[in-house]
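Q: Model the following, please.
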Amino acid sequence: MSAALLLAESEHATRGFLERHLAQDGFEVVGARGWGRVDFLLDDRGTPYMLEVNTVPGMTSHSLVPMGARARGIEFEELAWRVLETSFEAAPSERTRRGA
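A: Residues are numbered from 1 along each chain as shown. Reported below is the predicted structural model:
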């Protein structure tokens, strides 16, 4: 059996470690930018295993990102604006990506 355990519901120390280190590092190591969702599996001892980095997670009322935001007191409208703001971050130019 599996269940979605939102970070806001998990044990505080584990949540802090996942947020500060594993999730951010996992997101960056795959070259992701902007926003996304990083999924973990915790074993019986609380050891985290990264499952995937989702760069286009769902945004419906029953999707994990809005549910997690709601658990932290962030309403959908504010979440949508936060997501939108990540698109304003400067993207490397095509010339930079080609090494020119």
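
Q: From now on I want contacts and neighbour counts done on CA atoms only, so please keep to that.
A: Noted.

Q: Output the lowest mean pLDDT helix or strand found in the chain.
A: helix 94-98 (a mean of 52; mean pLDDT, DSSP states H and E).

Q: Could you list the low-confidence segments of this protein?
A: For the chain, the stretches flagged by pLDDT under 70 are 1-15, 19, 89-100.

Q: all strands of it, in order?
A: Assigned by DSSP state E, the strands in the chain fall at 37-42, 48-54.

Q: buried set for the longest helix along the chain?
A: Ordering each helix of the chain by length in residues (DSSP state H) puts helix 76-86 first. By neighbour count on 16 or more other Cα atoms under 10 Å, the buried set for helix 76-86 is 76, 79.

Q: contacts for it?
A: Here helix 76-86 makes contact (Cα atoms under 8 Å, 6 or more residues apart in numbering) with 34-35, 66, 69-70.

Q: which of those tops the neighbour count?
A: Using other Cα atoms under 10 Å as the neighbour criterion, residue 66 leads these with 21 neighbours.

Q: Taking the centroid of the chain, which residue is nearest it?
A: residue 37 (2.9 Å; Cα atoms, centre = their mean).

Q: and it, what does it touch?
A: Contacts of residue 37 by Cα under 8 Å, 6+ apart are 53-57, 65.
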